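Colleague: no sequence for this one, just the structure:
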């Protein structure tokens, strides 16, 4: 056996021993070595940290922070100590601050964000500005714990728009969470806590998929029976299209499959489910498996043209997960939301549980209300995220919710899609780089 063949086999054995994330790191290292030999720049739009950031919304955030500290000191100030912001007249005080600080970075966007809430959503001016100011100061627990009232409305508008839906038809409640990964943890825990999934139940995964969706079902507390729905369709030229043949989608007709997890666009291929497959999934669920729970992770939806999420095409059956991390370059902020339509299969299935399980669940949530059976599933996720007993401290930190709102309105104000088009060129360049090196 020659030296080259020996080295090749040794490399294969090394690769086999790597975890998916370690393999990803190895591939990036190889790409960087190739980059050093040429003139191309490595653009990393993958699982980890995108190597770009959205600058202007951050400027608006920090400028809002400066105004908010001034508002705290306005109440009283003794050295490092200050008071808490006051709601009355805060809109007019902001407008004065804006007039006196027009050279501050991000102030123009911040002024537009304030006006947007008032003009688009009819927010009462003092209430809107106070929610932003008190939120960024972070002097109170999140109230409501699921999400701040006005911030939820603007984030919902952004989310539904990017997911291909219509705001007038959208009924989704949002739960602000610490990124998409926290959403995954909370959702699986609540499915178990509310007997919507039990050990050994069948869980369908549309593969390829983000690796943790493969690992989580195998954990001792879940031990789900995984059914893989494979994106094995091929083009006439014999290439992968990363779409799902009907014979694969037909697996979802099995009513013993309790839940379906999908990452759309897929990870790692980054291909959206096509319209024909979306329609076919909807038909299967309506005709063969109407109680199917669907969890869709759409973090890359903002990068796809004419994207449609299952959370807008099948809202009754679908719980949506979205993270701001990739599109705005904010993996370190941990910004994500769980979205669930007001009328949904989760609430229905809980209402149909046998009495003994209902009694156990009622006891679990009894500290929250005298009518625990009326708690919506998304609010159960909120409570479960803090082991129920600590529900009063649940919710994403209010400064992070404010930043989420700023990102959302920044994108909504960009009617010409300037930021999105720059993103598209950036990501397209990255894909071309990987395909040609």
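Modeller: Thanks, I have the structure now. Only a predicted model underlies this, so the values are computations on that prediction, with no experimental measurement involved.
Colleague: quick check: the residue lying closest to residue 85 once chain neighbours are set aside vs residue 397, distance?
Modeller: Nearest residue to residue 85, sequence neighbours excluded (Cβ to Cβ, 6 or more residues apart in numbering): residue 71, at 4.4 Å. (C-beta placed from N, C-alpha, C; glycine too.) To residue 397, residue 71 is 19 Å away according to Cβ to Cβ, to the nearest Å.
Colleague: who's in contact with stretch 66-74?
Modeller: Here stretch 66-74 makes contact (Cβ atoms under 8 Å, 6 or more residues apart in numbering) with 82-86, 90, 93-94, 97, 104, 132-134, 136-137.
Colleague: switch the cut-off to 7 Å
Modeller: 82, 83, 84, 85, 90, 94, 97, 133, 136, 137 (Cβ atoms under 7 Å, 6 or more residues apart in numbering).
Colleague: do the same with stretch 155-172
Modeller: By Cβ under 7 Å, 6+ apart, the residues outside stretch 155-172 that reach it are 174, 298, 301-302, 307-309, 311-312, 322, 337, 339-343, 404-405, 408, 411-412.
Colleague: start and end of that stretch, how far apart?
Modeller: 11 Å (Cα to Cα, to the nearest Å).
Colleague: likewise for stretch 327-347?
Modeller: Termini of stretch 327-347 sit 32 Å apart (Cα to Cα).
Colleague: what's the average pLDDT for that stretch?
Modeller: Stretch 327-347 carries an average pLDDT of 96.
Colleague: which of the residues in it are buried?
Modeller: By neighbour count on 16 or more other Cβ atoms under 10 Å, the buried set for stretch 327-347 is 327-331, 333-341, 344-347.
Colleague: likewise stretch 382-397?
Modeller: Here stretch 382-397 shows 382, 383, 384, 385, 388, 391, 394, 395, 396 as buried, counting by 16+ other Cβ under 10 Å.
Colleague: which one among those residues gets closest to residue 64?
Modeller: Checking these against residue 64 with Cβ to Cβ, the nearest one is residue 396 at 17.2 Å.
Colleague: tell me the contacts of that closest one?
Modeller: Contacts for residue 396 (Cβ under 7 Å, 6+ apart) come out as 142, 176, 177, 178.
Colleague: related to what we said a few turns ago, want to throw the contacts of stretch 66-74 into JSON lines with distance to residue 377 and neighbour count?
Modeller: Converted to JSON lines, the contacts of stretch 66-74 look like this (distance: Cβ to Cβ, whole Å; neighbours: other Cβ atoms under 10 Å):
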{"residue": "82", "distance to residue 377": "40", "neighbour count": "18"}
{"residue": "83", "distance to residue 377": "39", "neighbour count": "14"}
{"residue": "84", "distance to residue 377": "34", "neighbour count": "13"}
{"residue": "85", "distance to residue 377": "34", "neighbour count": "25"}
{"residue": "90", "distance to residue 377": "36", "neighbour count": "25"}
{"residue": "94", "distance to residue 377": "38", "neighbour count": "24"}
{"residue": "97", "distance to residue 377": "42", "neighbour count": "20"}
{"residue": "133", "distance to residue 377": "32", "neighbour count": "25"}
{"residue": "136", "distance to residue 377": "30", "neighbour count": "24"}
{"residue": "137", "distance to residue 377": "32", "neighbour count": "20"}
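Colleague: looking at those residues, which is nearest residue 211?
Modeller: Nearest to residue 211 out of the contacts of stretch 66-74 is residue 136 (Cβ to Cβ; 35.0 Å).
Colleague: can you pull out the strands in this protein?
Modeller: 77-78, 81-82, 173-177, 202-207, 225-230, 257-263, 293-297, 318-323, 336-340 (DSSP state E).
Colleague: any chance of these in a markdown table, with distance to residue 286 too?
Modeller: Below are those laid out as a markdown table (distance: least, Cβ to Cβ, whole Å):
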| stretch | distance to residue 286 |
| --- | --- |
| strand 77-78 | 62 |
| strand 81-82 | 57 |
| strand 173-177 | 23 |
| strand 202-207 | 16 |
| strand 225-230 | 17 |
| strand 257-263 | 14 |
| strand 293-297 | 12 |
| strand 318-323 | 13 |
| strand 336-340 | 19 |
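Colleague: looking at the ones you listed, which is nearest to residue 270?
Modeller: Of all the strands of the chain, it is strand 257-263 that lies closest to residue 270, at 9.8 Å by Cβ to Cβ.
Colleague: quick one: strands adjacent to that closest one?
Modeller: Strands that pair with strand 257-263, judged by DSSP bridges, come out as strand 202-207 (parallel), strand 293-297 (parallel).
Colleague: which parts of the stretch 201-350 of the chain are helices?
Modeller: Along the stretch 201-350 of the chain, counting by DSSP state H, counting those that start in this stretch, helices occupy 212-215, 246-249, 275-287, 310-313, 325-328, 345-351.
Colleague: need the contact list for the closest residue to residue 259 other than its chain neighbours.
Modeller: If the residues on either side of it in the chain are set aside, residue 259 comes closest to residue 293, at 4.1 Å by Cβ to Cβ, 6+ apart. By Cβ under 7 Å, 6+ apart, the residues touching residue 293 are 196, 258, 259, 317, 345, 346.
Colleague: got JSON lines for those residues, with distance to residue 116 too?
Modeller: Below are the contacts of residue 293 laid out as JSON lines (distance: Cβ to Cβ, whole Å):
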{"residue": "196", "distance to residue 116": "38"}
{"residue": "258", "distance to residue 116": "41"}
{"residue": "259", "distance to residue 116": "37"}
{"residue": "317", "distance to residue 116": "32"}
{"residue": "345", "distance to residue 116": "34"}
{"residue": "346", "distance to residue 116": "32"}
